[in-house]
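Student: Sequence and predicted model, in that order:
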Amino acid sequence: MMHYLDIIFRSLFVENLPLSFFLGMCTFLAISKQVKSAMGLGLAVVVLTAITVPLNNFLLNTLLKAGALSWLGQPDIDLTFLGLMIYIATIAAVVQILEMVLDRFVPALYNTLGIFLPLLTVNCAILGASLFMVERDYTFLESTAYGLGAGGGFMLAVVALAAIREKCEYAHPPKALRGLGMTFITAGLMAMAFMGFAGFSL
Amino acid sequence: MSETHKELLVRSIFRRNPIALLVLGICSALAVTGQMSTALVMSICVTLVTAFSSLTISIVRYHIPNTVRIGLQIMVIATLVIIVDQVLKAFVYELSKQLSIFVGLIITNCIVMGRAEGYAMSNPPIASFMDGIGNGLGYGLILMSVALVRELFGSGTIFGYEILATVNNGGWYVPNGMLVLPASGFFLIALLIWLIRTVDPEQQEKK
């Protein structure tokens, strides 16, 4: 149990996707003007990583790995090189299905998450989480924990940045620095703060 | 065609730089710029993938049904990235280890998708190819200039060769430890944006 908690804690703070690995920057910077929409985006990311990381782990172990196809009587096939394509296809498919299911059964949630879901197909945080899972050889349970933690970390970072940016509205930076420049500096300061977590473990 | 191929190539490098103006492809711009060598390899990979995905998509653009075009574009890009990834693993294994997942993340690099969707879908193959190369080079330019500052002042080297002899090696230069950390990429890009927008006030954001 402690092991899984450790994975969640590490992916939330120490290995925070946007602030220590700089994944998902485009969405991170674009949709952090208001806390409310940042919340929606964060939630969508948590849901997606929590589903796609374990799913990709399952596909990796039953279809792609060397010897994984032995249940088909083909123990010599190693399809790991197809990984990238499978992961992105899984993510795109999950996004589509999630959109339809939410629209049909939970319209209230669809209204908050709906606009962010298609955007997240090509978000590097989502694909990055799956690729880290592959690189670190997580088991199915470990990857579930990692998916939750990684998504949660993104949510934490994007909501915090949005809150800071709302305050920054009242500041008077040099004209050329307004908007994007300020956001970069803010994000940089946040990344430095998060480096304080480096080396922590439960 | 109002623009010649050469203009297409040049305008994406300076006047319409994908990172500074269009804010595309930031992720890897921050993560791989700690050293010149990784930044160089990354720029080459992205340039090749962008150029060839634009070329491919432009060739088949009349046969792509509008409803599934995003999926098809991703498949073309993913195939190209797999090829690049395998080539890197085969010939420069050390570098490919250092770049770790960032080669795979070229798939979701918005520059590649953005050029495929925004340019290649409605323009002839050769022009799209040039546009792809131009955007890749524009991306590379920012990447290399950030990497140059970070490696030179962070560890006193360029491409691993010592330029400023550091104190640890018995020299005079006290390296700036902050520049080795990825967070410094944020500040350097913020400064670059500041510079570009001061020179070209049209790009400034309105209140």
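Tutor: Everything's here; your move.

Student: Report pLDDT for residue 68.
Tutor: By default, I'm working from chain A. Among the per-residue scores, residue A:68 holds a pLDDT of 69.

Student: look at chain B instead
Tutor: On the pLDDT scale, residue B:68 is placed at 77.

Student: Low-confidence regions, chain A specifically.
Tutor: Applying pLDDT under 70 to chain A flags residues A:68, A:114, A:201-202.

Student: And the helices in chain B, which stretches?
Tutor: For chain B, the helices defined by DSSP state H cover B:5-13, B:26-31, B:36-59, B:69-91, B:93-99, B:110-118, B:125-155, B:183-199.

Student: quick one: the longest one near chain A?
Tutor: The reference is to helix B:125-155. No: under the criterion of Cβ under 8 Å from any Cβ of the partner chain, helix B:125-155 makes no contact with chain A; the nearest approach is 11.9 Å. Just so you know, the C-beta spots here come from the backbone N, C-alpha and C atoms, and that holds for glycine as well.

Student: What is the burial count for residue B:102?
Tutor: The number of residues packed near residue B:102 is 24, by other Cβ atoms under 10 Å in any protein chain shown.

Student: quick revisit: how about TSV for the helices of chain B, with distance to residue A:135 and mean neighbour count added?
Tutor: Formatted as TSV, the helices of chain B follow (distance: least, Cβ to Cβ, whole Å; neighbours: other Cβ atoms under 10 Å in any protein chain shown):
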stretch	distance to residue A:135	mean neighbour count
helix B:5-13	33	17
helix B:26-31	14	26
helix B:36-59	16	22
helix B:69-91	13	18
helix B:93-99	10	14
helix B:110-118	22	22
helix B:125-155	23	22
helix B:183-199	22	20
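
Student: can you redo those helices as JSON lines with distance to residue A:81?
Tutor: Below are the helices of chain B laid out as JSON lines (distance: least, Cβ to Cβ, whole Å):
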{"stretch": "helix B:5-13", "distance to residue A:81": "31"}
{"stretch": "helix B:26-31", "distance to residue A:81": "21"}
{"stretch": "helix B:36-59", "distance to residue A:81": "16"}
{"stretch": "helix B:69-91", "distance to residue A:81": "6"}
{"stretch": "helix B:93-99", "distance to residue A:81": "13"}
{"stretch": "helix B:110-118", "distance to residue A:81": "20"}
{"stretch": "helix B:125-155", "distance to residue A:81": "24"}
{"stretch": "helix B:183-199", "distance to residue A:81": "30"}
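
Student: who's in contact with the nearest residue to residue A:99 once chain neighbours are set aside?
Tutor: Once flanking residues are discounted, residue A:99 sits nearest to residue A:117: 5.2 Å by Cβ to Cβ, 6 or more residues apart in numbering or on different chains. By Cβ atoms under 8 Å, 6 or more residues apart in numbering or on different chains, the contact set of residue A:117 is A:44, A:48, A:95, A:98, A:99, A:102.

Student: quick one: which helix or strand includes the last one?
Tutor: Pointing back at residue A:102 there. helix A:83-105 (DSSP states H and E).

Student: tell me which residues in that helix are buried?
Tutor: Residues A:83-92, A:94-95, A:98, A:102 are the ones in helix A:83-105 that count as buried (16 or more other Cβ atoms under 10 Å in any protein chain shown).
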